[in-house]
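Student: Compute the structure for the input listed below.
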Amino acid sequence: MLEGLRRGLSKFVEKITKVELDPKKLQPIVEELKITLLENDVAFQVAEGIGQELVEELTGVKVGRTSDKKAFVREALRKAVLRTLSKGGQADLEELVRAKRAQGEPFVILFVGFNGSGKTTTIAKMAKMLRDRGFKVVMACSDTFRAGAIEQLEEHGRRLGIRTLKHRYGADPAAVAYDAVAHARARGIDVVLIDTAGRAQTNKNLMDELAKIKRVIEPDLTVLVVDALTGNDALVQAEMFNDAVGVDAVVLTKVDADIRGGTALSITHAIGKPILFIGTGQSYDDLRPFDPEEFADMILGP
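Tutor: Predicted structure coming up:
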């Protein structure tokens, strides 16, 4: 996991400890760092920003022994990475749910994303997590387009013992979402998790449909589910979904299989929204809260 980026950053730290910390000596090595970042799915503007921060941070600093210099450079790099990862801020989902329930209303989460991003599985994982924390949860299938979508969500619900609300295939997705929220409100359910059809961000009709669902139910949170393995395309997805429907937070899936590791840096920089969770495996428990500090340490390694 994150092997490519970790290896490249480690090489950068080793190289830079061997030169004098002035702009002329730093610049060629920082340029190499930028290339490493680009090769590991970090967006160009993010790579530029990290490089510039490092030049400013390191220029003219007097450090004694080589070991001290290495630790200093590594910490400067960690701060630059952490600032990027923290750009979207952080959000406590449990706190948000409790605040909405205090008003007597269910907390509604609308999930959006590209085909194959792991959206439906992420919904099931989040449903279990919330249920395990004591919340009453329902899932709703507003994906009335893809063959098997309803059955897939229902099977997750059956395994977890969580109710799944649905209409027939071809029904209005906004109507499914509306009925799910009404059902939750009438029965005192805490959280409604709404699945939607995976779509290409360039399909205007499907994006308009998604915008309609959002207008009808006015969700408390619109979560973009992004596959970490899509690399730089994840940045394009994030920007276009945010422009089309508005994104409040991100879940990054398949992080366990992501050997490059730059997607999180690119997304937080691109849309300035928090990453709520990362998916780290196939089981229902493989959903971890995103911690910028922990993720920065994962990227930089021991």
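
Student: wait, isn't residue 280 in contact with residue 288?
Tutor: Yes. Between residue 280 and residue 288 a contact is recorded at 5.7 Å, counting by CB atoms under 8 Å. The C-beta positions use only the backbone N, C-alpha and C, and glycine is treated the same way.

Student: Need the overlap of contacts for these two.
Tutor: Common neighbours of residue 280 and residue 288, using CB atoms under 8 Å, 6 or more residues apart in numbering, do not exist here.

Student: Can you tell me what sits against the helix of greatest length in the chain?
Tutor: Criterion DSSP state H: the longest helix present in the chain is helix 66-85. Contact partners of helix 66-85, identified using CB under 8 Å, 6+ apart, comprise 9, 12-14, 16-17, 46, 49-50, 53-54, 57-58, 61, 63, 264-265, 268-269, 275, 292-293, 295-297, 299-300.

Student: which among the residues you listed end up buried?
Tutor: Among the contacts of helix 66-85, those scoring as buried are 9, 12-13, 16-17, 46, 49-50, 53-54, 57-58, 264-265, 268-269, 275, 292, 295-296, 299-300 (criterion: 16 or more other CB atoms under 10 Å).

Student: Which residue ranges make up each domain of the protein?
Tutor: By the record's domain assignment, the chain is partitioned as 3-85, 93-290 (automatic domain parsing).

Student: For the last one, measure first residue to last.
Tutor: Pointing back at domain 93-290 there. 11 Å (CA to CA, to the nearest Å).

Student: Then the shortest one?
Tutor: Between the start and the finish of domain 3-85 there is a gap of 18 Å, counting by CA to CA.

Student: Need the mean per-residue confidence for that domain.
Tutor: Averaged over domain 3-85, pLDDT sits at 84.

Student: now swap in the last one and tell me
Tutor: pLDDT averaged over domain 93-290 equals 91, rounded to a whole number.

Student: In PDB, list the C-alpha atoms belonging to stretch 154-167.
Tutor: Output in PDB follows, covering the C-alpha atoms of stretch 154-167 (Å, rounded to 0.1, in the frame of the first residue of the first chain):
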ATOM      1  CA  GLU A 154     -30.600  -6.100  -0.700                       C
ATOM      2  CA  GLU A 155     -28.100  -8.900  -0.300                       C
ATOM      3  CA  HIS A 156     -25.900  -6.600   1.800                       C
ATOM      4  CA  GLY A 157     -28.900  -5.700   3.800                       C
ATOM      5  CA  ARG A 158     -29.800  -9.400   4.300                       C
ATOM      6  CA  ARG A 159     -26.300 -10.200   5.500                       C
ATOM      7  CA  LEU A 160     -26.200  -7.300   7.900                       C
ATOM      8  CA  GLY A 161     -29.800  -7.400   9.100                       C
ATOM      9  CA  ILE A 162     -30.500  -3.900   7.800                       C
ATOM     10  CA  ARG A 163     -33.600  -3.000   5.900                       C
ATOM     11  CA  THR A 164     -33.300  -2.000   2.200                       C
ATOM     12  CA  LEU A 165     -35.900   0.200   0.600                       C
ATOM     13  CA  LYS A 166     -36.600  -0.100  -3.100                       C
ATOM     14  CA  HIS A 167     -38.900   0.500  -6.100                       C
END
